[in-house]
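[1] no letters, just coordinates:
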Ligand SMILES: [Mg+2]
């Protein structure tokens with residue numbers, strides 16, 4: 001396809017309540033949307049690195065500028081036959097995976113439209129429904145958390161993820177396991193700890209967790225390998241994997257037993273599929289993560305999650321979990337699968353509601 005026009009929209013979407021993790025608190029999700037046009041056909045992409053460079057080195061305002069100044073001009077007017085070709089054109093610009101994902105995800109959605117092929121099929125999926133997990137941030141009290149978990153267990157979510165940070169750690173897990181001895185839990189440390197905290201992680205072995213997600217710094221693979229060799233609970237990498245090359249290195253060093261894949265964090269759907277394939281070849285299960293995207297970005301995650309090897313339930317949330325009103329015309333809603341667990345089904349990626357996009361947009365650009 002020839003890229004004839006690229007429009008960028010930086011939005012701030014107010015959350016129902018602050019999202020508290022080891023890296024901070026967000027009251028709004030800063031995301032960037034891309035409308036890509038080829039001839040008379042257009043499609044949308046989204047990438048949501050949040051407000052500040054605290055989850056990763058990128059942030060909403062930063063990826064908007066990067067896409068506007070560098071990435072979009074590199075693609076405008078060019079014939080881009082594949083996601084790989086798009087990545088090649090952008091490879092001269094180091095890093096910046098969230099910014100690249102903005103254009104990459106829009107390319108895949110546009111290709112889906114131009115070829116009249118559902119996105120999940122285009123990515124290689126053979127299934128059309130998949131189960132999802134529940135995920136709870138740091139709350140004001142253990143009682144609030146236990147009540148929330150009660151709801152998730154009653155709703156038959158197959159696993160529950162708990163954010164974990166100093167001050168919301170072992171006593172929190174003790175309270176959770178005392179009340180819920182059997183359900184599948186895992187914790188997400190969002191790179192809040194160091195190898196010096198080994199004794200804490202050895203204590204965590206007693207809680208029979210499915211995995212510990214990103215315990216150590218966001219750019220580390222080696223210390224994670226050290227940690228994994230000294231604890232029984234599987235380590236899962238999230239922040240540390242921003243490129244397929246990192247998975248190759250993580251596998252070689254035995255840094256993890258699971259990999260969380262977010263299209264934004266790894267540069268888009270092209271790299272997400274590559275990473276999934278690398279994990280699969282190494283016998284490492286992967287699962288899809290979320291970044292509080294609108295239903296557009298979450299819809300991209302839904303299509304990705306349909307691929308095989310995404311065997312651990314995904315972090316995909318209904319729009320109503322974070323937003324009074326989604327940015328998109330059609331909100332993301334969960335369905336009930338045949339086995340009784342909550343899930344999602346593959347659908348065309350939703351588009352932004354023009355009035356809401358106008359209201360939430362903080363800056364925009366148009367090239368071509
Ligand atoms: Mg994570």
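    Thanks, I have it. Values in this document were obtained by computation on a predicted structure and should not be read as measured data. Numbers count the residues shown, from 1 in each chain.

[2] which residue ranges of the stretch 151-300 of the chain form strands?
    160-163, 185-188, 212-213, 235-237, 258-261, 286-288 (DSSP state E, counting those that start in this stretch).

[3] could these go into CSV alongside mean neighbour count, distance to the ion and mean pLDDT?
    For every residue, glycine as well, the C-beta is placed using N, CA and C. Shown next, in CSV, are the strands of the stretch 151-300 of the chain (neighbours: other C-beta atoms under 10 Å; distance: least, C-beta to the ion, whole Å; pLDDT from 0 to 100):
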stretch, mean neighbour count, distance to the ion, mean pLDDT
strand 160-163, 23, 8, 97
strand 185-188, 24, 4, 98
strand 212-213, 28, 5, 98
strand 235-237, 26, 8, 98
strand 258-261, 26, 6, 98
strand 286-288, 27, 10, 97
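
[4] would TSV of those strands with distance to residue 251 be doable?
    Converted to TSV, those look like this (distance: least, C-beta to C-beta, whole Å):
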stretch	distance to residue 251
strand 160-163	23
strand 185-188	20
strand 212-213	17
strand 235-237	10
strand 258-261	9
strand 286-288	12
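
[5] any idea which of the ones you listed gets closest to residue 40?
    strand 286-288 (32.2 Å; C-beta to C-beta).

[6] name the helices or strands packed onto the closest one?
    Other helices and strands packing on strand 286-288, by 3 or more C-beta pairs under 8 Å, 6 or more residues apart in numbering; DSSP states H and E, are strand 258-261, helix 269-281, helix 295-305.

[7] looking at the ones you listed, which is buried most?
    Ranked by mean neighbour count, the helices and strands packed on strand 286-288 are led by helix 295-305 with a mean of 28 (mean count of other C-beta atoms under 10 Å).

[8] residues from the stretch 151-300 of the chain in reach of the ion?
    188, 213, 238 (C-beta under 5 Å from the ion).

[9] how does this protein divide into domains?
    In terms of domains, the chain is parsed into 5-116+353-367, 122-345 (source: automatic domain parsing).

[10] straight-line length of the longest one, end to end?
    For domain 122-345, the separation between the terminal residues is 15 Å (C-alpha to C-alpha, to the nearest Å).

[11] and the first one, by the same measure?
    Across domain 5-116+353-367, the terminal residues are separated by 6 Å (C-alpha to C-alpha).

[12] do it and the ion meet at all?
    No: using C-beta under 5 Å from the ion, domain 5-116+353-367 stays clear of the ion, with a minimum separation of 8.2 Å.

[13] that domain: how far from the chain's middle?
    14 Å (C-alpha atoms, centre = their mean, to the nearest Å).
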